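Enquirer: Show me how the following folds:
(one chain, ligands or ions: 1)
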Amino acid sequence: MASLSAQIPLCLALMMAACLMIGINGSIDGAQREFDYFALSLQWPGTICHKTRHCCSSNACCRGSNSQTEFTIHGLWPDYNDGTWPSCCYRSQFDVKEISTLLDALEKYWPSLYCGKSSTCFSGKGLFWAHEWEKHGTCSSPVIRDEYSYFITTLNVYFKYNVTKILNEAGYVPSNSERYPLGGIVSAIENSFRATPEVICSKEAVEEIRLCFFKDFKPRNCLASKTSCPKYVSLPAYVSMGREASESEIAWISDDEAL
Ligand code: U2P
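Expert: Residues are numbered from 1 along each chain as shown. I've put the predicted structure just below:
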């Protein structure tokens with residue numbers, strides 16, 4: 001039988017292991033608690049691409065056409081009602097092969113608008129999609145449980161709730177001279193989806209619009225937050241940084257240099 005002095009360090013070790021397993025949020029296995037709702041975060045290329053200082057092939061701002069006049073996907077985020085969110089919920093290394101059938105749609109509707117790789121949860125750096133899956137997708141359980149479901153679900157929600165179409169039909173079209181009332185943009189979305197979005201601005205330009213959903217993907221109000229937008233906002237027109245358009249103004253770098 002082990003002596004008392006040998007048992008004390010063993011007990012301490014067991015207690016420490018138990019504490020680690022319970023985790024800071026009090027869950028049994030160290031997991032973060034289940035999220036409350038989803039936010040579909042959409043980005044406006046016209047605003048983000050305006051800030052592009054150098055180009056690389058992985059940056060959709062640098063593609064040689066001005067066709068990107070739609071909101072594109074930033075991510076589908078599981079969120080808490082208190083304004084915080086879980087992240088990096090379990091180890092699941094992004095595998096592009098799992099979404100090979102979705103790549104055309106993802107390139108078009110969920111492109112990166114930056115050069116450089118994105119941080120991933122446990123493995124350093126990766127594609128923008130790897131960042132979104134590892135940081136947010138892994139926390140979408142029990143609604144979404146695998147990488148393919150995360151991307152297909154996000155695309156389907158994005159297609160169903162077409163913010164660009166709603167805004168265009170209400171007269172809010174890309175323009176480098178017009179200013180639109182923020183309240184008008186919010187109302188157009190509310191009238192169509194019966195839920196209040198969140199609008200994020202960079203100075204006066206709309207940078208992101210977030211739509212919020214219950215776990216069954218029925219629209220719900222986003223949290224009432226202090227908006228970063230002024231009363232009148234712009235929806236800048238997308239100006240392509242394509243090679244032929246801007247060779248003299250924008251430096252092209254390889255994707256590796258962008259790291
Ligand atoms: O808003 C700045 C960054 O914070 C992260 N974010 C924001 C709101 C939210 O509900 N959930 C969330 O994750 C985003 O980080 P990203 O996914 O880009 O790493 C957002 O860009």
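
Enquirer: From now on I want contacts and neighbour counts done on CA atoms only, so please keep to that.
Expert: Will do.

Enquirer: host element of the most centrally placed residue in the chain?
Expert: Central residue of the chain (Cα atoms, centre = their mean): residue 75, 2.6 Å from the mean position. Element membership of residue 75, judged by DSSP states H and E, is strand 72-79.

Enquirer: C-terminal to that strand, what's the next element?
Expert: helix 103-109.

Enquirer: Now that following helix: buried residues?
Expert: 106, 109 (16 or more other Cα atoms under 10 Å).

Enquirer: what's that helix in contact with?
Expert: Contact with helix 103-109 is made by 72, 73, 155, as judged by Cα atoms under 8 Å, 6 or more residues apart in numbering.

Enquirer: Neighbours of the second one, how many?
Expert: Right, residue 73. Using other Cα atoms under 10 Å, residue 73 has 23 neighbouring residues.

Enquirer: Relative to residue 213, how far out is it?
Expert: In this view, residue 73 and residue 213 are 15 Å apart by Cα to Cα, to the nearest Å.

Enquirer: Equivalent analysis for residue 51, please.
Expert: 30 Å.

Enquirer: got the residues of the stretch 51-200 of the chain near the ligand?
Expert: 77, 79, 85, 132 (Cα under 6 Å from any ligand atom).

Enquirer: OK, contacts around residue 233?
Expert: Residues near residue 233 by Cα under 8 Å, 6+ apart: 179, 180, 181, 182, 204, 205, 206.

Enquirer: where does the closest residue to the third one other than its chain neighbours fall, phi/psi-wise?
Expert: Put plainly, it is residue 181. In this structure, residue 181 finds its nearest non-sequential neighbour in residue 232, 4.4 Å apart by Cα to Cα, 6 or more residues apart in numbering. Taking degrees, to the nearest 10, you get phi -120, psi 130 for the backbone angles of residue 232.

Enquirer: For burial, what's the neighbour tally of residue 123?
Expert: Counted with other Cα under 10 Å, residue 123 comes out at 12.

Enquirer: residue contacts, it?
Expert: So residue 123 contacts residue 93 (Cα under 8 Å, 6+ apart).

Enquirer: Please report the distance of it from residue 95.
Expert: Distance of residue 123 to residue 95, computed by Cα to Cα: 12 Å.

Enquirer: can you check residue 191 too?
Expert: Taking Cα to Cα, one finds residue 191 at 39 Å from residue 95.

Enquirer: Now do the helices in the stretch 51-200 of the chain.
Expert: 103-109, 128-135, 147-160, 163-169, 182-193 (DSSP state H, counting those that start in this stretch).

Enquirer: what's the third one in contact with?
Expert: Read it as helix 147-160. Against helix 147-160 from outside (Cα under 8 Å, 6+ apart): 40, 73, 75-76, 94, 98-99, 102, 106, 109, 133, 137, 144, 217.
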